[in-house]
Each structure stands twice: as C-alpha cells, then as structure tokens.
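S.K.: Kindly return the folded structure for what I paste below:
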Amino acid sequence: MTLRKKTLLIVGATLFILIVLLSLMSRLIILRTFLNLEEKDVFQNIHRTQAFITENLANVNSTARDWAAWDDTYEFIKDKNDKYIKVNLVDSTFSTLRLNLIMLMDASGNIVLSKGYDLKSNKDLPVPERFLSYLSDKEFPLQRNHLNSNMTGIVLLPEGPLFIAGRPILKSDDKGPARGTLIFGRYFDTDYLKKLSDAGNMTLDMSRYNDPELPDDFKNARDSFSADSPFFAKLLSKSKIAGYTTVNDVYGKPALILRITMQRDIYNQGLNNFYYFVLSLTVVGFVLGIVTFFLLEEQVLSRLTRLSRDVKNIGASGNPSMRVHVTGKDELSLLKDEINRMLEALECSEKALRKSKEALIALSLRDELTGLYNRRGFLTLAEQQLKVANRAKKGLLMIFADIDGMKEINDTLGHRQGDSALIDTAQILGKTFRESDIIARYGGDEFIILSIENTESGAELFETRLRDHLKYHNNYESRLYTLSLSTGFARYDPENPLSIEDLLVEADHIMYGKKNDKKR
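M.R.: Numbers count the residues shown, from 1 in each chain. Reported below is the predicted structural model:
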C-alpha cells in the first residue's frame with residue numbers, strides 16, 4: 001500500500017471514528033432530551049385527562065347544586081307532587097344534562113324518587129342495585145341533612161364507573177333546614193373515553209384497578225405506582241408510548257387505571273434531528289478530510305513521491321552515481337542528504353554486493369534440512385510452470401500436504417525425531433511424484449507439489465501412490481513414530497485461470513478439511 005493510500009486511509013479512519021464517537025455522544029444527549037420531553041408530554045396529557053375528569057365531576061356537581069338548591073325540589077320532598085315529576089324528570093332533562101341517574105332522598109334517607117336513563121337508547125333504566133347498596137354503607141361519604149354537605153366522586157358498578165354528585169336539598173336562597181339529598185350520576189363509558197381521546201389527540205383506555213384479568217401492561221403500571229409517583233410511562237413499540245395513572249373512588253381509594261396511548265411524534269422528531277446532525281457532521285468531516293489530504297499532498301506526499309521516483313529511477317538504472325533531489329529545509333531534505341550519502345557508499349561496494357546477492361539467491365531456493373525447494377524456490381518455479389501450462393493449455397495439480405501429529409512427535413520423541421519425520425516425508429514425496437514435478441517444503445510440517453496434469457497422472461493416482469509409499473514406509477522402516485499425511489488437491493484449469501496463491505489457498509482449505517475429518 002502506498003503512503004498516499006495509507007495517509008488517505010488514516011485520515012478517513014480518524015474522521016470516521018470521530019464522526020461515530022460524536023454521533024454516539026450526540027445520540028445520547030439529543031435523544032435522551034427528546035425522551036424526557038416525550039415523557040413530560042405524556043405526563044402533561046395525563047394531567048389534562050385528570051383535569052377533564054375533574055371538570056366533568058364539577059359539571060355534574062354544579063348541575064346537582066342548581067337542582068338541589070331550588071324551591072321546587074324543596075317542596076317536592078315535602079308534598080311529592082306529580083307536577084314536579086312530569087315537568088322536570090322527562091327524557092329531555094337526562095339528554096340535555098347528560099345524566100344517567102337522578103335520585104332524591106328525604107332527611108331520613110328514604111328514597112323519594114329515583115330514575116335511571118340510557119343516553120344511547122333513550123330509555124328508562126332501573127337504578128343499579130349495587131348503587132343502592134352503596135347508599136346503605138355506613139362508610140359511604142354522604143352527609144345527610146347538612147347544609148354544607150357536598151359529595152363528588154366515582155363509584156364502580158357492574159354497568160361501569162359512575163360519576164356522582166350529592167347535594168343537600170335547600171331553598172333557592174341556599175337556606176335550610178335541609179330536607180334531604182339530591183344525587184346526580186353520569187356513566188364514565190366508552191363514549192366519554194372517545195371524547196377524551198379526541199380532545200387530546202390520543203387513545204384513552206381504562207381498566208378497573210382490581211380487575212383479576214387486568215392486561216399485563218396495566219399490571220406493570222399498577223405495580224409501579226406509589227404515593228410519591230402516581231404516574232407511569234412505558235414504551236409500547238417504536239411508534240407508540242403509553243402513560244398510566246389512577247382515578248380514585250368516593251372512598252379515596254384507587255378505582256380505575258387510565259392508559260393514554262400516544263404516537264411518538266416528539267421522539268421521531270428528535271430522531272430526525274439526530275439524523276440531520278449526523279449527515280451535517282459527515283459532510284463537514286468529508287470536507288475537512290479533503291482539505292487535510294490536499295495539504296498533506298502539497299507539503300509532504302508530493303515531495304515524498306518525487307523522492308521515491310528518484311530512488312526508483314536510480315534503482316532501475318543500476319547507476320549509484322545518480323542523486324535524489326528534494327526542495328525545502330525539513331526532515332525530507334535531511335532524508336535526501338542521507339540517501340545521497342548512502343548512494344555514495346553503494347557506488348563503492350556495488351560489485352561486492354552483486355556477487356553476494358547472486359550467492360544468497362542460489363542458497364535461498366533450497367530447504368537445508370530436506371534438500372527440497374523452499375517457499376521462495378517453489379514460488380519462483382511455480383510461476384514459470386504456470387506460464388508453460390497456459391501456453392500448452394494443460395491443467396495443473398496443486399497438492400498441499402501436512403504431516404499429522406507432528407507436534408506430538410516433537411513433544412514426545414524430540415526434535416531430532418521430528419527432523420527425521422520431515423526428511424522421510426521428503427523422500428516419500430520424491431518417490432510418489434515425477435522428477436518434472438515441483439516439490440517443496442512450504443514451511444514447518446507443510447509440503448506443496450505442483451504437477452502438470454495428464455492422462456497418466458491424476459489426483460486419485462497420486463493419492464494411491466502416496467498411500468502405498470506411506471504404508472510401506474511405516475511397515476518396513478524402523479521408526480519410533482507412524483508417518484501420516486493429510487493432503488488437499490486443487491486443479492488449475494487454463495480456461496479458468498487462477499493465481500498460484502489462489503491455488504494454494506484452495507488446496508490448503510481442502511487439506512485442513514480432511515485433517516479435521518480425521519480428528520472426528
């Protein structure tokens with residue numbers, strides 16, 4: 001890899017890491033802020049819902065007050081005249097006031113008048129028995145015959161939660177004595193939930209607090225409520241979030257759990273802002289990277305390229321009397337001076353070095369222990385063999401062989417026996433393959449062979465001959481070990497050419513597959 005590519009890679013990698021780190025940090029900061037805003041919005045909607053419920057209770061209470069502090073009602077409790085019923089307790093009264101229950105009781109607690117009404121079907125309904133049982137409960141928070149008694153709240157009925165308001169029956173001037181109690185009721189039903197949902201652009205659901213079949217998310221919310229925190233928020237999905245709260249009954253105990261479900265618009269907006277920030281950061285980083293690279297190119301890389309070109313030309317010409325040239329007064333110019341001094345020394349020792357090089361090349365092609373070609377020698381000859389095969393349109397066989405259990409031989413019998421195993425393997429390979437085949441010790445206990453393929457030499461034939469030679473060696477040669485090889489054969493097709501390295505990789509992969517099969 002050239003220095004220019006490395007520089008580009010380093011600058012790019014550095015900017016990439018910085019962008020990733022900044023993106024992660026900003027994600028934590030930005031998205032957490034929007035998560036907090038989202039949760040705050042949920043709690044605000046919970047408060048709005050509670051305020052809406054409180055307002056509805058206040059509305060029922062206000063209506064009850066108007067009817068309770070009225071001379072007509074006051075007289076009706078005393079004389080129970082039919083005119084009051086015919087004029088006031090008509091269906092339109094229930095529809096207009098959105099009431100499901102009207103009840104009048106005298107000072108002794110006896111019911112003088114009671115009527116239930118279904119606002120959906122516009123039909124009269126009997127007063128629920130469960131509500132009547134509430135009235136007989138000693139703990140029911142209704143103070144009869146008291147001028148300032150005022151009761152509002154929710155009671156749970158089989159028909160559903162009921163908003164109720166109880167007021168003392170007084171004269172129109174709010175003076176007594178109180179002749180009884182007036183109670184108005186309005187069901188907290190699905191229509192009311194829909195009205196709340198539409199008002200807050202959300203979905204509102206409710207369940208009874210002690211419902212044995214309470215959904216799991218309601219159960220989790222119920223378990224999370226506390227006196228200090230009567231609210232709970234939870235993510236339902238990537239696109240929805242829910243908030244939970246309780247509604248108390250007339251006894252001051254939790255009666256209902258309300259769930260507000262909202263689209264995660266705030267979080268999604270934060271996510272979009274984060275993506276825009278990352279995109280902007282990427283663009284800025286890209287521009288910064290380009291500027292940095294061009295500055296390095298102008299001040300460093302171009303001068304290094306010229307220095308490299310001069311050195312390359314000197315090397316190509318083989319003339320050490322040539323010199324390199326770099327402008328400036330910095331480390332590169334010092335490097336130029338050192339190179340030129342080195343060239344002077346090289347000029348004096350050129351002949352000696354050439355002779356030494358030739359000798360080293362000759363020695364470097366053979367493995368000292370086995371006498372076979374080493375890796376360098378193999379690669380040098382294999383490239384030539386590959387060219388011959390391509391010209392002749394003949395296939396090649398690349399064989400990768402590895403001694404099985406070589407580590408155990410060295411560990412248990414010693415390295416001298418290990419060397420002996422390497423020499424024996426070299427001799428067996430020499431007997432198995434032809435003189436025209438290139439046999440080499442690739443490294444350690446690995447051997448490679450490159451053979452020109454013909455009708456008389458194929459992978460199966462070589463495997464059979466190798467197996468026979470190994471069998472003969474193990475049976476008749478006195479050794480402290482049993483010699484075994486794992487082999488991998490890869491075929492080279494001149495119609496679909498591969499490099500020597502690719503053939504080696506393929507043969508090596510096949511060999512290790514067989515070796516692993518032996519271990520199973």
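
S.K.: which residues in the chain form strands?
M.R.: In the chain, the strands defined using DSSP state E lie at 101-106, 111-118, 123-125, 151-157, 160-168, 180-187, 203-208, 231-235, 240-248, 254-263, 396-403, 438-443, 446-452, 485-492.

S.K.: Where does pLDDT dip in this protein?
M.R.: Filtered on pLDDT under 70, the chain yields the residue ranges 1, 143-148, 190, 192, 196, 199-200, 318, 349-363, 455-457, 520.

S.K.: between the helix ranked longest in it and strand 151-157, how big is the angle?
M.R.: The longest helix of the chain (DSSP state H) is helix 32-68. Put simply, helix 32-68 runs at 100 degrees to strand 151-157, going by axes from the mean of the first three to the mean of the last three Cα atoms, to 10 degrees.

S.K.: re earlier: export the strands of the chain as TSV, with columns for distance to D367 and mean neighbour count.
M.R.: The C-beta positions use only the backbone N, C-alpha and C, and glycine is treated the same way. TSV is the format used below for the strands of the chain (distance: least, Cβ to Cβ, whole Å; neighbours: other Cβ atoms under 10 Å):
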stretch	distance to D367	mean neighbour count
strand 101-106	105	22
strand 111-118	102	17
strand 123-125	105	11
strand 151-157	93	19
strand 160-168	93	23
strand 180-187	97	24
strand 203-208	79	18
strand 231-235	67	18
strand 240-248	71	20
strand 254-263	73	20
strand 396-403	14	23
strand 438-443	4	21
strand 446-452	10	23
strand 485-492	17	21
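
S.K.: got these as a markdown table, with distance to I85 columns?
M.R.: Output for the strands of the chain, formatted as a markdown table (distance: least, Cβ to Cβ, whole Å):
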| stretch | distance to I85 |
| --- | --- |
| strand 101-106 | 10 |
| strand 111-118 | 7 |
| strand 123-125 | 13 |
| strand 151-157 | 24 |
| strand 160-168 | 19 |
| strand 180-187 | 14 |
| strand 203-208 | 35 |
| strand 231-235 | 45 |
| strand 240-248 | 33 |
| strand 254-263 | 32 |
| strand 396-403 | 107 |
| strand 438-443 | 110 |
| strand 446-452 | 109 |
| strand 485-492 | 104 |
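
S.K.: Ok, which of those strands comes nearest R375?
M.R.: R375 sits nearest to strand 438-443 of all those, at 5.5 Å, using Cβ to Cβ.

S.K.: I'd like to know which elements the closest one is packed against.
M.R.: helix 375-392, helix 415-432, strand 446-452 (3 or more Cβ pairs under 8 Å, 6 or more residues apart in numbering; DSSP states H and E).

S.K.: do that again at 10 Å, thanks
M.R.: On a contact count with 3 or more Cβ pairs under 10 Å, 6 or more residues apart in numbering; DSSP states H and E, strand 438-443 meets helix 375-392, strand 396-403, helix 415-432, strand 446-452.

S.K.: Nearest to V505, out of the ones you listed?
M.R.: Of all these, strand 396-403 comes closest under Cβ to Cβ, at 9.3 Å.

S.K.: Who does that closest one pair with, and is each partner parallel or antiparallel?
M.R.: strand 446-452 (antiparallel), strand 485-492 (antiparallel) (DSSP bridges).

S.K.: what's the angle between it and helix 415-432?
M.R.: On the basis of the same axes, to 10 degrees, strand 396-403 is oriented at 150 degrees to helix 415-432.

S.K.: C-alpha coordinates for strand 396-403, PDB please?
M.R.: Extracted C-alpha coordinates of strand 396-403, given in PDB (Å, rounded to 0.1, in the frame of the first residue of the first chain):
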ATOM      1  CA  LEU A 396      -2.000 -28.400 -13.200                       C
ATOM      2  CA  LEU A 397      -2.500 -30.100  -9.900                       C
ATOM      3  CA  MET A 398      -1.600 -28.200  -6.700                       C
ATOM      4  CA  ILE A 399      -1.100 -30.600  -3.800                       C
ATOM      5  CA  PHE A 400      -0.900 -29.400  -0.200                       C
ATOM      6  CA  ALA A 401       0.400 -32.000   2.300                       C
ATOM      7  CA  ASP A 402       0.700 -31.700   6.100                       C
ATOM      8  CA  ILE A 403       2.200 -34.200   8.500                       C
END
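
S.K.: Give me the angle between it and strand 438-443.
M.R.: Using the same axes, to 10 degrees: strand 396-403 against strand 438-443 is 40 degrees.

S.K.: Please list all residues in contact with H47.
M.R.: F231, G243, T245 (Cβ atoms under 10 Å, 6 or more residues apart in numbering).

S.K.: sorry, back to before: point out the one among the strands of the chain that comes closest to L301.
M.R.: Short answer: strand 438-443, nearest of the strands of the chain by Cβ to Cβ, at 36.8 Å.

S.K.: The closest residue to E347 other than its chain neighbours: what's it in contact with?
M.R.: If the residues on either side of it in the chain are set aside, E347 comes closest to P320, at 3.8 Å by Cβ to Cβ, 6 or more residues apart in numbering. Contact partners of P320, counting by Cβ under 10 Å, 6+ apart, are I314, M342, L343, E344, A345, L346, E347, C348, S349, E350.

S.K.: neighbours of the second one, just the number please.
M.R.: The tally of other residues near M342 (other Cβ atoms under 10 Å) stands at 12.

S.K.: ok, now which ones touch it?
M.R.: M342 touches V311, P320, counting by Cβ under 10 Å, 6+ apart.

S.K.: next one: the fourth one
M.R.: With contacts taken as Cβ under 10 Å, 6+ apart, E344 has the following neighbours: P320, S321, R323.

S.K.: let's see 6 Å
M.R.: By Cβ atoms under 6 Å, 6 or more residues apart in numbering, the contact set of E344 is empty.

S.K.: Kindly report the same for the first one.
M.R.: When contacts are counted by Cβ under 6 Å, 6+ apart, I314 touches M322.

S.K.: ok, it to L332 distance?
M.R.: Counting by Cβ to Cβ, to the nearest Å, the separation of I314 from L332 is 17 Å.

S.K.: next one: I17
M.R.: Taking Cβ to Cβ, one finds I17 at 28 Å from L332.

S.K.: out of those two, which sits in the busier spot?
M.R.: L332 (16 against 10).

S.K.: Okay, that one and H325: tell me how far apart.
M.R.: In terms of Cβ to Cβ, L332 sits 11 Å off from H325.

S.K.: what's A227 sitting at in phi/psi?
M.R.: With angles defined as degrees, to the nearest 10, A227 sits at phi -60, psi -30.

S.K.: again with the one 10 residues further on
M.R.: Main-chain dihedrals, S237, degrees, to the nearest 10: phi -160, psi -180.

S.K.: So what's the residue count around it?
M.R.: The number of residues near S237, taken as other Cβ under 10 Å, comes to 8.

S.K.: How about K219?
M.R.: Neighbours of K219 (other Cβ under 10 Å): 13.

S.K.: OK, contacts around R186?
M.R.: V60, R98, L99, N100, F163.

S.K.: List buried members of those residues by neighbour count.
M.R.: Among the contacts of R186, the ones that count as buried by 16 or more other Cβ atoms under 10 Å are V60, L99, N100, F163.

S.K.: Find the nearest non-adjacent residue to the third one, please.
M.R.: Leaving out its chain neighbours, the residue that sits closest to N100 by Cβ to Cβ, 6+ apart is Y187, at 4.8 Å.

S.K.: For F52, see how far away the one you found is.
M.R.: In terms of Cβ to Cβ, Y187 sits 15 Å off from F52.

S.K.: L182 against I169, yeah?
M.R.: Yes: in this structure L182 lies within contact range of I169 using Cβ atoms under 6 Å: 5.5 Å.

S.K.: Give the residues shared as contacts by those two.
M.R.: A68.

S.K.: tally of neighbours for A178?
M.R.: So A178, with other Cβ under 10 Å, has 22 neighbours.

S.K.: just V324 next, same as before
M.R.: 19.

S.K.: what residues are up against it?
M.R.: L307, D310, K336, I339.
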